[in-house]
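Colleague: sequence first, then the predicted structure, then my questions.
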Amino acid sequence: SQTIHQWPATLVQPVGSPLSLECTVEGTSNPNLYWYRQAAGRGLQLLFYSVGIGQISSEVPQNLSASRPQDRQFILSSKKLLLSDSGFYLCAWSVGDRGKQYFGPGTRLTVT
Amino acid sequence: KNQVEQSPQSLIILEGKNCTLQCNYTVSPFSNLRWYKQDTGRGPVSLTIMTFSENTKSNGRYTATLDADTKQSSLHITASQLSDSASYICVVSGNDMRFGAGTRLTVKP
């Protein structure tokens, strides 16, 4: 069966510090991978999606970046965090563009 | 303006009661519509998915309806339980995926 992992579960970082969130998927090959952010009380905002290794599409310009070094690994990064980067970050995978999305447990990021 | 609008924003009901959540969309072309349940601090979990030709789909006490002509969907929860307390998110896929802001449901004993 397929599983999706995210870590860390929670993170508190000072403004200006770097960020690295990791997401890995097991049990499937060549999935579409997604990073979402959910601000408190708000809907999901798509940040990045990837259809293959090294292929990243950005939906929203910001100080975040994403990389896909391996087929089932998706990393969200920042060189310098802003207060506005605080939120709940969710990784998801799907088979194809229209397939059902399966979400990871999420990372709660607080930038202080 | 968001292409997927959900109402109400929040809802409080008593345990055992029924409720209906609404989703109106303007996404075009239309491929499918999904309802997700998201517990606080967790990732969303899929409840139902409907394509253009499907009018209704059930998953236990959850029943989703779709009117593709009026571009409206509803999620009906029957005999609510405390564990139904969560945010319910409507997602419409066309050329891309559009997320509603969600309805926050609280079920009280």
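Modeller: That came through, no problem. Residues are numbered from 1 along each chain as shown, chains lettered A, B, ... in the order given.
Colleague: ok, residue B:61 to residue B:79 distance?
Modeller: Computed as Cβ to Cβ, to the nearest Å, the residue B:61 to residue B:79 distance reads 6 Å. Yep, even glycine has a C-beta here, placed from its N, CA and C like the rest.
Colleague: nope, residue A:48 is what I was after
Modeller: 40 Å.
Colleague: neighbour count winner among the two?
Modeller: residue A:48 (22 against 10; other Cβ atoms under 10 Å in any protein chain shown).
Colleague: hang on, the more buried one packs against residue A:55?
Modeller: No - with contact defined as Cβ atoms under 8 Å, residue A:48 does not count as touching residue A:55 (10.5 Å).
Colleague: so what's the residue count around the residue in chain B positioned nearest to chain A?
Modeller: Using Cβ to the nearest Cβ, the closest approach of chain B to chain A is made by residue B:43 at 3.2 Å. Neighbour count for residue B:43, taken as other Cβ under 10 Å: 22.
Colleague: what sits against it?
Modeller: If a contact means Cβ atoms under 8 Å, 6 or more residues apart in numbering or on different chains, then residue B:43 has A:90, A:92, A:103, A:104, A:105, A:106 as its contacts.
Colleague: let's go with 7 Å and repeat that
Modeller: Residue B:43 sits next to A:90, A:103, A:104, A:105, A:106 when contact means Cβ atoms under 7 Å, 6 or more residues apart in numbering or on different chains.
Colleague: around chain A, pick out the residues from chain B.
Modeller: Counting by Cβ under 7 Å from any Cβ of the partner chain, chain B comes close to chain A at B:31-32, B:41-44, B:46, B:49, B:89, B:93, B:99-102.
Colleague: and the residues you listed, which of them are buried?
Modeller: Buried subset of the residues of chain B next to chain A (neighbour count, 16 or more other Cβ atoms under 10 Å in any protein chain shown): B:32, B:42, B:43, B:44, B:46, B:49, B:89, B:93, B:99, B:100, B:101, B:102.
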